[in-house]
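Undergrad: Sequence and predicted model, in that order:
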Amino acid sequence: MRNAMDIGGGLILTTDNSGGIGEKPADLIHVPDEVTAYFAARVALVEQWAANAEPVTVLIHNFSGENSWNRYVAGVEKAFSESSMALPKITGSTETNMEMVQSAVAITMIGKQSGLISPIEGLIWRIYGTPLVGDEVVERVGEIAQLQILHDAYRNRIIERLWPVGSKGILHEIQKITGTENVQVQTELEIEKSAGPATAVLLGIRPDRLKQAEQHFGNHLHRLEIK
């Protein structure tokens with residue numbers, strides 16, 4: 001697993017947070033609160049799939065004030081709707097004692113694991129989506145890994161493994177997957193650039209499924225060589 005935590009009983013915990021991104025005047029990036037929550041939710045959701053789990057509960061930790069709560073809920077709902085998944089129960093808490101000058105929210109998911117995670121041996125790795133961060137996430141939305149396409153591939157076993165790329169980039173994630181610092185990576189994408197809210201995802205594909213995967217993911221599936 002990547003950043004998911006096995007908390008026992010087949011339950012998997014994942015989370016993501018966002019600060020200084022939202023609708024407050026002092027925010028560094030100005031986007032609707034719904035957009036902020038959507039991208040935090042997509043990270044936690046893809047982390048669930050990476051652990052072969054699907055969420056049963058979502059918790060929203062809202063530090064932006066009461067007015068932001070419903071907008072954050074809408075962002076979470078959008079992530080599940082886009083994935084064609086049933087919406088789990090949503091709960092959480094809002095900070096109302098102190099007023100923050102910048103937006104801040106965290107999305108936590110508890111999911112149920114549906115089986116063992118496939119080993120990486122013998123898999124061919126590809127990258128779906130482009131590493132993007134900050135304003136690029138809004139400006140280049142067409143290059144972002146799409147939840148519906150990912151979930152369909154995960155559910156239908158077109159892919160065996162998926163591994164979201166985080167703020168340390170593709171190379172760092174490959175090092176974690178392979179367990180070696182000396183790994184060499186070749187791709188047309190920037191391998192040390194942040195992928196922000198998991199705009200790019202590493203995919204492990206069985207050789208006999210590669211052609212099907214190429215058709216499923218289309219032009220946004222990028223070659224990757226690991227040595």
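TA: Nice, thanks for sending it over. Numbering: from 1, shown residues only.

Undergrad: Look at residue 115 and say how many residues are nearby.
TA: 8 (other CB atoms under 10 Å). The way it works is simple: take the backbone N, C-alpha and C, and place the C-beta from them, glycine included.

Undergrad: Please settle this for me: is it part of a helix?
TA: No. Assessed with DSSP: H, G, I helix; E, B strand; the rest coil, residue 115 is coil; it does not lie in a helix.

Undergrad: dump the residue contacts of it.
TA: Residues near residue 115 by CB atoms under 8 Å, 6 or more residues apart in numbering: residue 52.

Undergrad: Show me the shaky parts of this structure.
TA: Segments of the chain classed as low confidence (criterion: pLDDT under 70) are 1.

Undergrad: quick one, strands of this protein?
TA: Using DSSP state E, the strands of the chain run over 5-8, 11-19, 21-22, 29-30, 53-62, 89-94, 104-113, 124-129, 161-164, 185-186, 200-205, 221-223, 225-226.

Undergrad: Find the centremost residue of this structure, please.
TA: Closest residue to the average C-alpha location of the chain: residue 43 at 2.6 Å, with CA atoms, centre = their mean.

Undergrad: If the closest residue to that one other than its chain neighbours is in a bridge, with which residues?
TA: Take residue 43 and drop its neighbours on the chain: the residue closest to it by CB to CB, 6 or more residues apart in numbering is residue 16, 3.8 Å away. Beta-bridge partners recorded for residue 16 (DSSP bridges): residue 107.

Undergrad: From residue 203, how far out is residue 16?
TA: Per CB to CB, to the nearest Å, residue 16 is found 20 Å from residue 203.

Undergrad: So which of these two has more stuff around it?
TA: The neighbour count for residue 16 versus residue 203, taken as other CB under 10 Å, is higher for residue 203 (26 against 23).

Undergrad: Residues in a beta bridge with that one, which ones?
TA: Beta bridges link residue 203 to residue 126, residue 162, judged by DSSP bridges.

Undergrad: How about the contacts made by it?
TA: Contacts of residue 203 were listed using CB under 8 Å, 6+ apart, and they are 125-128, 153, 159, 161-163, 213, 217, 221.
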